[in-house]
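Novice: Structure of the sequence below:
(2 chains)
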Amino acid sequence: MTIGIAHLLFLSFGIFAIGLCGFLTRRNALSILLSLELMLNSVNIALVSFSKLHGNEGGHIIYFLVITVAACETAVGLAIILNLFRLKKNIRVDEATELRV
Amino acid sequence: MTNDIDSIFAVLSGVAVLLPLLGAGLWFWLCPRLGEKLTGYAASSFLGISFLCTLILFFKVDSFVQLEFARWISVGPSNLASFSVLLDPLSLALGLVVTGVGALIHIYSVGYMHGDPGFGRFFSYLNLFVVAMLILIWSDNLLGIFLGWEGVGLCSYLLISFWNKDLANAQAGKKAFIVNRIGDFGFLIAMFCLYRAFGTLNIPELLVLVREGGLADWQLEYSLWACLGLVLGAAGKSAQIPLFVWLPDAMAGPTPVSALIHAATMVTAGVYLVCRLQGLFLLHPQVLELVAYMGGATAFFAATIAIFQFDIKKVLAYSTISQLGLMFLAVGLNAPVAAYFHLITHAFFKALLFLGAGSVIHGMHHEQDMRKMGGLRKKMPLSFWTMTIGVLAIAGIPPLSGFVSKDEILLMTKLADRPWLYGLGLATALMTAFYMGRLWFMTFFGRTRSDHEVHESPANMTAVLVVLASLSAVAGVINWPRAWGGSEWLSSYFGDLVYQGSVDSQVSWGSLLMKVGIAVAGLGLAWWKYRAFVGGDDFRSSSFRLFKGKYFIDEIYDFLFVRNLRRAGELCWRVVDQGMIDGSLHLLGRLANSVALRFKRLQTGVLQAYVLWVWIGIIVLLFGAWSLGS
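Specialist: Presented below is the predicted three-dimensional model:
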């Protein structure tokens, strides 16, 4: 069985949906961050797939860009979670509602 | 060669205007560093240099020089206005008076304003005033004149309310400014009409167009409105009926200001304007007729008020209005030379009278009520003798200057065959002699009616008084009638710049004797009534209430205009501003507020809820885009 563009896109969409569900349902900030990474990487899969389909390197380049930015973003996110933990002794996002009007 | 001379003229006139302007910027903050004496004399010397420049111009300019310094406003191909000077006999004669009398009054002010905390500010304003006045006189276009016109108005306002800690002074300044605005409105309308009719605001061009004649009907109509607007402007600036109410209140300012601005120079700007544009006014003799009757009526009514005033400066203020009325009378009867002559002599003797009054006020420790003066003859001999010359000059005792110039106006009135105006003029002359005599006797004769320690003023003040007194005495020679062996220099100097009906040169000893008789009678009446004045009210009968209340003009204006304007203002404030503008804005604000209160609930603070909304939004957008695309 050859793996075509449709398989790859289904994989990408599946991972994205898992990530989205996790993002919307989880209360733990760390889990949310993981879900976010899942969504980002599913988009990366889609990018690389299209790059392979069209036979040019644009998708690869954006993939590297995304992975770099995702690393930075994860670092920032972890720092925020760390500070949130120091502040409240837990990392439940539904309890971090101090800025609500 | 002519270019060389022109550039010399440009430098001289530029220095004459710009040096005081520089001074106006300097004395303000230099005074605390330099000290009073140095500041005052430096300001005076700036004016002195300005005067010298004008003097050189006066001797060197023959008949007519027009110099352009810079373009100001260009409209299309034509040049609407430029910063330029027009040097001719009219402007140079008045320029000499402004800078000369101005310099003298500066010197006087050094003594008068001694110890005042606003000393530097005062001299800045005075210098600025002279700049504005020179711009007014020397500009060759109406917009430039308007610039100076507003400038002197501003300085007048600043100087009237100079002691602005006192609310009454601030209000007097405000009143002067607002009443003048009415006149300025007329001036503006006149400029619009003139530009519409002739397409230029340049005065020489304008007068050439008018002289060539052949004007269409619509042009004549516009120029009629322009003339009426100019008369309104002149009436505002020169304190004529119906806009004279600001000048008596303007006496709230320091006395040198009253002398310089509200007697000698600024208030004569209206006379100057009408003389300058005489060619335009000749198109409409009925407007000149209006000017003549306005002047005659003002002269008479102001004189009747002056008789009943107790404040020494108020007497002089009404006297100024009255004398300005005489000038307008002359201008209206096509005797601009006579008007100009009286303008110049009046500048001398009225400045002298004001400064003399200032000296008395200074000596009496700022007491202005004549009922509390008396017997100052011995204590202030120099002030007394110089004031005497001023009083005799304005009363019309020959051969002092006031007699010659006033006689010329009365003669022109008689020759113009207006018996009513002639009668008004003679009555004014009689009352002038009476109220000046009253002032003189009340102030300097009789017993001392106050317990102030009176002292003569310092030398720099009395020296100026002496100079002005000698000028008041001899200034008549500049237009001494041929009939009495004079040369009528001023008439020949002006040449055909202004049109004056010919003077019947035969001497009428009868009318001469009558005029001297009137002056002597006025003074004699004053002597008879006030030789033993002991204070208190001098006209007790209640039938004089109308005059004492100044015809209740202020009250009438208050009732007719001020209150209604205030009401209209309150209507605008409460209904339009607070009701409509503020109300609609408040409504918008409240609307936004109530909407926001409902939508506030969306802000739960739960991160996932926000993301859910974002997703729903994206799906809606995608769906919309898809359904539109297909």
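
Novice: For chain A, what's the nearest residue on the stretch 451-600 of chain B?
Specialist: Closest residue of the stretch 451-600 of chain B to chain A, C-beta to the nearest C-beta: B:K600 (5.8 Å). C-beta here means a position set from N, CA and C on the backbone, and glycine is covered the same way.

Novice: what's around that residue, how many residues?
Specialist: By the other C-beta atoms under 10 Å in any protein chain shown criterion, the neighbourhood of B:K600 contains 10 residues.

Novice: Could I get the pLDDT score of it?
Specialist: Model confidence at B:K600, given as pLDDT, is 83.

Novice: In this model B:V85 seems to touch B:P204, though I could be wrong.
Specialist: No - with contacts counted by C-beta atoms under 8 Å, B:P204 stays clear of B:V85, the gap being 12.0 Å.

Novice: any shared contact partners between these two?
Specialist: Here B:P204 and B:V85 share the contacting residues B:66, B:140, scored by C-beta atoms under 8 Å, 6 or more residues apart in numbering or on different chains.

Novice: Can you give the distance of whichever strand or helix holds B:V11 from its chain's centre?
Specialist: Under the criterion DSSP states H and E, the helix or strand holding B:V11 is helix B:2-34. Relative to the centre of its chain, helix B:2-34 is centred 23 Å away, using C-alpha atoms, centre = their mean, to the nearest Å.

Novice: same for that helix, what does it pack against?
Specialist: Helix B:2-34 is packed against helix B:36-60, strand B:65-75, strand B:78-87, helix B:119-138, with contacts defined by 3 or more C-beta pairs under 8 Å, 6 or more residues apart in numbering or on different chains; DSSP states H and E.

Novice: What residues sit buried inside that helix?
Specialist: Using 16 or more other C-beta atoms under 10 Å in any protein chain shown as the test for burial, helix B:2-34 gives B:9-10, B:12-13, B:15-17, B:19-21, B:23-24, B:26-28, B:30-31.

Novice: so where is the chain shaky, pLDDT-wise?
Specialist: No chain was given, so I picked chain A. Confidence mapping of chain A against pLDDT under 70 gives the ranges A:100-101.

Novice: Actually, chain B is the one I wanted.
Specialist: In the predicted model of chain B, residues B:1-2, B:501-507 satisfy pLDDT under 70.

Novice: Give the full set of residues in contact with residue 13.
Specialist: No chain was given, so I picked chain A. Under the criterion of C-beta under 8 Å, 6+ apart, the contact list for A:F13 reads A:S42.

Novice: please go with chain B instead
Specialist: For B:S13, the contact set (C-beta under 8 Å, 6+ apart) comprises B:53, B:57, B:67, B:85, B:87, B:138.

Novice: what are the ranges of the helices in chain A?
Specialist: A:5-25, A:29-54, A:58-88 (DSSP state H).

Novice: tell me the most buried of the ones you listed?
Specialist: When you average the neighbours per residue for each of these (mean count of other C-beta atoms under 10 Å in any protein chain shown), helix A:29-54 leads with a mean of 18.

Novice: That one to helix A:58-88, inter-axis angle?
Specialist: What separates the directions of helix A:29-54 and helix A:58-88 is an angle of 180 degrees, with axes from the mean of the first three to the mean of the last three C-alpha atoms, to 10 degrees.

Novice: the inter-axis angle of helix A:29-54 versus helix A:5-25?
Specialist: Per the same axes, to 10 degrees, the angle that helix A:29-54 makes with helix A:5-25 is 160 degrees.

Novice: what distance separates helix A:29-54 from the centre of its chain?
Specialist: Its chain's C-alpha centre lies 6 Å from the corresponding centre of helix A:29-54 when counted by C-alpha atoms, centre = their mean.

Novice: Do I have it right that B:L206 meets B:F281?
Specialist: No - contact status for B:L206 versus B:F281: not in contact, 11.9 Å apart, counting by C-beta under 8 Å.

Novice: picking that back up, looking only at neighbour counts, state which of B:P204 and B:V85 leads.
Specialist: With other C-beta under 10 Å as the criterion, B:P204 and B:V85 differ in neighbour count, and B:V85 comes out ahead with 26 against 14.

Novice: For the more buried one, give its distance to B:L143.
Specialist: Using C-beta to C-beta, to the nearest Å, one obtains 14 Å as the distance from B:V85 to B:L143.

Novice: which ones are touching the nearest residue to B:A299 once chain neighbours are set aside?
Specialist: Excluding its sequence neighbours, the residue lying closest to B:A299 (C-beta to C-beta, 6 or more residues apart in numbering or on different chains) is B:G325, at 3.1 Å. Contacts for B:G325 (C-beta under 8 Å, 6+ apart) come out as B:240, B:294-300, B:302, B:428.

Novice: For B:G325, which three-state class applies?
Specialist: Remark: B:G325 carries the secondary structure label helix [criterion: DSSP: H, G, I helix; E, B strand; the rest coil].

Novice: Roughly how far does it sit from chain A?
Specialist: For B:G325, the distance to chain A equals 74 Å [C-beta to the nearest C-beta, to the nearest Å].

Novice: One more: B:F310?
Specialist: When C-beta to the nearest C-beta is the yardstick, B:F310 and chain A sit 72 Å from each other.

Novice: What backbone torsions are found at that residue?
Specialist: Backbone torsions for B:F310, taken as degrees, to the nearest 10, come to phi -100, psi -20.

Novice: That one - how many residues pack around it?
Specialist: Close neighbours of B:F310, defined as other C-beta under 10 Å, add up to 15.

Novice: I'd assumed B:R371 was in contact with it.
Specialist: Yes - with contact defined as C-beta under 8 Å, B:F310 reaches B:R371; the gap is 5.6 Å.

Novice: residues contacting the residue nearest to B:L282 when sequence neighbours are not counted?
Specialist: The shortest distance from B:L282 to any residue that is not its chain neighbour, by C-beta to C-beta, 6+ apart, is 6.7 Å, and that residue is B:Y499. Taking C-beta under 8 Å, 6+ apart as the contact definition, B:Y499 lies against B:278-279, B:282, B:334, B:336.

Novice: who's in contact with the residue nearest to B:W29 when sequence neighbours are not counted?
Specialist: Once flanking residues are discounted, B:W29 sits nearest to B:G120: 7.1 Å by C-beta to C-beta, 6+ apart. With contacts defined as C-beta under 8 Å, 6+ apart, B:G120 is in contact with B:27-32, B:39.

Novice: nearest to A:S35, of the residues you listed?
Specialist: Taking C-beta to C-beta as the measure, B:W29 is the one of those closest to A:S35, at 70.9 Å.

Novice: Is there a neighbour count for B:L343? I'd like the number.
Specialist: Using other C-beta under 10 Å as the criterion, the residues surrounding B:L343 number 27.

Novice: contacting residues around it?
Specialist: B:L343 touches B:94, B:97, B:268, B:271-272, B:327, counting by C-beta under 8 Å, 6+ apart.

Novice: and B:G485, how far is that from B:P399?
Specialist: Counting by C-beta to C-beta, the gap from B:G485 to B:P399 is 11 Å.

Novice: Quick check: residues of chain B near chain A?
Specialist: Among all residues of chain B, those adjacent to chain A (criterion: C-beta under 8 Å from any C-beta of the partner chain) are B:600, B:603-608, B:611-612, B:615.

Novice: Now for these: which two are most distant?
Specialist: Longest distance between any two of the residues of chain B next to chain A is 21.6 Å, between B:K600 and B:W615; criterion C-beta to C-beta.

Novice: Pick out the residue in the stretch 1-150 of chain B sitting closest to chain A.
Specialist: With distances taken as C-beta to the nearest C-beta, the stretch 1-150 of chain B approaches chain A most closely at B:W29, which sits 53.5 Å away.

Novice: No further queries at this time; thank you.
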